[in-house]
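Enquirer: Requesting a structural model of the entry that follows:
(chains A and B)
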2 protein chains.
Amino acid sequence: MRLSSYAELEARFARIGAVQDAAAVLHWDAATLMPAGGAGARAEQLATLRVIAHEMLADAAMPDLFAGAAAQLDLGDWQRANLAEMRRLWLHATAVPGDLVAALSKACSAAEMRWRQARPAGDFAAMLGDLKRVLALVRDTAAAKAARLGKSPYEALLDEYEPGGSTAAIDLLFDDLARRLPALIERALERQASLPAPLPLPGPFPVEAQRRLAVALMRHLGFDFEHGRLDDSLHPFCGGTPEDVRLTTRYDEADVGRAVMGVLHETGHALYELGLPSAWRRQPVGGARGMSIHESQSLLVEMQACRSREFAEFAAPLLRQTFGGGGGEWEAENLYRLNTRVARSLIRVDADEVTYPAHVILRYRLERAMIAGDLAPDDLPAAWNEAMGALIGIVPANDRDGCLQDIHWYDGLWGYFPTYTLGAMTAAQLFAAAKAADPGIPLAIASGDFAPLLAWLRANVHAKGSRYSTAELIAQATGRPLDAAAYERHLETRYLAA
Amino acid sequence: MRLSSYAELEARFARIGAVQDAAAVLHWDAATLMPAGGAGARAEQLATLRVIAHEMLADAAMPDLFAGAAAQLDLGDWQRANLAEMRRLWLHATAVPGDLVAALSKACSAAEMRWRQARPAGDFAAMLGDLKRVLALVRDTAAAKAARLGKSPYEALLDEYEPGGSTAAIDLLFDDLARRLPALIERALERQASLPAPLPLPGPFPVEAQRRLAVALMRHLGFDFEHGRLDDSLHPFCGGTPEDVRLTTRYDEADVGRAVMGVLHETGHALYELGLPSAWRRQPVGGARGMSIHESQSLLVEMQACRSREFAEFAAPLLRQTFGGGGGEWEAENLYRLNTRVARSLIRVDADEVTYPAHVILRYRLERAMIAGDLAPDDLPAAWNEAMGALIGIVPANDRDGCLQDIHWYDGLWGYFPTYTLGAMTAAQLFAAAKAADPGIPLAIASGDFAPLLAWLRANVHAKGSRYSTAELIAQATGRPLDAAAYERHLETRYLAA
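Expert: Reported below is the predicted structural model:
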């Protein structure tokens, strides 16, 4: 029997999905367990799987299959949404000529390698040539994608991480926030200074005890160890596949917060993957909606739920029990204040949730200007430092702590940064909606019961996969489009209330 | 520039090799770390990679490429050998119709699942239907391969594991050995009974200490942890890829010998993989020669080198130091005698090296008779028990310890068994040749220095990959074709000498 065009597409995407799943596990292995001598062969394996998946996606039969499927009258809503996602992936994959893809990949590899030396040395001059080469190729890529997708060049880049993302919408959200942020930071710091400083937790915190604590917290959050693992890696991430989610973290015996908050963050990502609609596994519509929704899930767990006063009440006895602590440092109120410290700081990945959006808005504005040709790489350090002063109120003494700190631009990740703060805003709006729908959620969290929160997220976010656009998903879950109100209210309540 | 046919084949096989490498790492992960809930998705990933590799191998362009490459006058010896190996793999892959491959794979999966219940229950009747189905499909497969390869049906199956293997040659070796074995076993047991029994090592042996010991021994043997790992799995194996070899073992706190001898065995396999010619990676000629040579490397390390008196001298102080032992049990002579105990036993995988070949010869004869249609599955238990009585002198009380003990036949592995004993014979002949070439090898082993042995194996076996046939490889390394003389001399010296 001959398959319908749609059924043939599903079969092809299932195969592509299985190859990508295989690559995801191999990537996790490379970051966690692989001996150093395996790197060359692993790169070969991953490159081969990437080429195979790309060839399947760019196959010459695809246009006819899309035309045939579009004409089918027997498709349900999920199937139509699946078809639209398939087409989006195919457009991205076929928009850019192969030699440009190869040139960009090569330029990024070279830049990434050099960046590993230049960043600690704060040597921007050493990176300038790489940055220019990568930017030129990214601009060509953006132009090619823009022509194919019918979007502006920046939105064509953004669309890969944030499908349907619009700069007009982001500008509206970010400009408003940027106006309010300097005063908000100022007031939060003033209030913080008016209170006694929280006591630091007395370490050391043995790695094995931290690991036990992390696993216990993951279980409380609803992570199913029949479908995932927790391991160590240099850079924490959430990898693997939706039925076998591989979290990683890094332990610091002097600082228990670093590993534990990192694990809670990655668990938010993991719960999303674990909750994706299993009926649509390995189909585009069954995957995560985009990076801002993904980040909303990690930030909802880490920032909204697990830096709350309720969470501190639940976690304090667990911490005392794990590390044998007993003084006032181990009281819930002290933990809560440790988890909500604010500081003007230079490094994005170490920033608190009040100053974090300023770091992101700065990068979003600078990368848009560079893609538009309005900012030359030569002028990046000065532009960076000026924006830091205006938004956060401090200026880095060197480029190591300035425009060299993130790998994104040197590694070809342009159009990615805004998803962090879109995710933070979405997290606030979703968490507010969840609490409105089930007012018992905060009290449950205070007793370590995350089931009510997870149930709401499963039904309203996870189980929807990519059935709806990001905007539709948020509007359905929260009753209105994404705006900054819930996020600003959250920051004000947590950081400015008397 | 257009590639030559041979260069095009190399490019295609490099890609197939990378896909197979990826599958090997995923298989290792499934056996060691994967949470149970990941099994379904992993099966999907592995099946997809297998299908992709098969499609690349069976591509319609292959016959023309082989014809073109065969006509090229510019190929060197390694390239010609590579071409021959490519052609052999292609013949195997394309000899059997796709629906027969699928039917056999399905029948084996069903049989394997049922076997996991039926074996502990000793319920051969429950397996009879599966065995008949699998055998019928294996015979069809053998007939299809025989027609394509120009070999007898059994040799066509054997060729997949032992390229170029001949039943005439195996019969000659095995018949001679089978004639001598009953008397050899009898005399070894008599001599053993005339000596005081060795003292058992007093446990328990903590898992962490066993692991440390295993790692220390692996390092002594020359295993490079920059290119491999040691982990735990239910069934020990050597997996991964030649630049990232993944060994596994299983620990028993009551019995240190089980894990340690298992690790030494797998380290022999691993050293072979690590020593394959890197210039021919991911090409057929760069792979291991076949299963008998692979088994010769594990048995050379485990049986020839590491159950020797010299090894016991080196290992005894290391064992005392690891487990804090001190009495006579920990003396080298006692360890040596523990490592060389002989017993008539029912289970192949637990057998000592004197009785092991009898287990293999029994299986070889029975599987040949079943493939030829001379033995019906209904008559297997009786035939098994009769052969056990004749060759080893004991008869199993039930089929659990008889014809149900090995998964091979139920899982479609026919033509595999003889490689175990061919490997043991090859190991003895290679070890004798190595010692003749470098008489310092045993003394070096006694001091924990395996470098002289490894250097000889690297040069004479590992670095040759699949450049030569198994027969040529052995003849070049040892100066004569494989025969039973070195093996019988080894057994007599170790087990019959006064």
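Enquirer: residue in the stretch 101-250 of chain A nearest to chain B?
Expert: As assessed by Cβ to the nearest Cβ, chain B sits closest to A:Asp244 within the stretch 101-250 of chain A, at 3.0 Å. (Glycine included, C-beta is placed from N, CA and C.)
Enquirer: how about the nearest residue to that residue, chain neighbours excluded?
Expert: In space, and not counting its chain neighbours, A:Asp244 is closest to B:Gly38: 3.0 Å by Cβ to Cβ, 6 or more residues apart in numbering or on different chains.
Enquirer: Now do the same contact list for the one you found.
Expert: Taking Cβ atoms under 8 Å, 6 or more residues apart in numbering or on different chains, we find B:Gly38 in contact with A:227, A:240-241, A:243-244, B:30.
Enquirer: Repeat that for A:Arg219.
Expert: Here A:Arg219 is in contact with A:Phe225 (criterion: Cβ under 8 Å, 6+ apart).
Enquirer: Then A:Arg281?
Expert: So A:Arg281 contacts A:17, A:242-243, B:41 (Cβ under 8 Å, 6+ apart).
Enquirer: Among the residues you listed, which ones are in helices?
Expert: Applying DSSP state H to these, the entries found in helices are A:17, B:41.
Enquirer: Filter the contacts of A:Arg281 down to the buried ones.
Expert: Neighbour counting by 16 or more other Cβ atoms under 10 Å in any protein chain shown classes A:17, A:242-243, B:41 among those as buried.
Enquirer: Any figure for the gap between the residue nearest to the spatial centre of chain A and A:Ala434?
Expert: For chain A, the residue nearest the mean C-alpha position is A:Glu295 (4.0 Å; Cα atoms, centre = their mean). According to Cβ to Cβ, to the nearest Å, A:Glu295 stands 17 Å off from A:Ala434.
Enquirer: Which pLDDT value belongs to A:Leu221?
Expert: For A:Leu221, the model assigns a pLDDT of 98.
Enquirer: Count the neighbours of A:Gly40 for me.
Expert: When neighbours are defined as other Cβ atoms under 10 Å in any protein chain shown, A:Gly40 has 13 of them.
Enquirer: Next, the contact list for it, please.
Expert: B:Glu243.
Enquirer: If we use 10 Å, what do you get?
Expert: By Cβ atoms under 10 Å, 6 or more residues apart in numbering or on different chains, the contact set of A:Gly40 is B:243-244, B:278, B:281.
Enquirer: Equivalent analysis for A:Leu443, please.
Expert: Residues near A:Leu443 by Cβ under 10 Å, 6+ apart: A:310, A:313, A:449, A:452.
Enquirer: ditto for A:Ile407
Expert: Contacts of A:Ile407 (Cβ under 10 Å, 6+ apart): A:108, A:111-112, A:115-116, A:119, A:235, A:413.
Enquirer: Need the buried ones from those selected in ChimeraX.
Expert: This is the ChimeraX syntax for the buried subset of those, where burial follows 16+ other Cβ under 10 Å:
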select /A:108,111,115,119,413
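Enquirer: can you tell me which of the contacts of A:Ile407 are in helices?
Expert: Mapping the contacts of A:Ile407 onto helices (DSSP H) picks out A:108, A:111-112, A:115-116, A:119.
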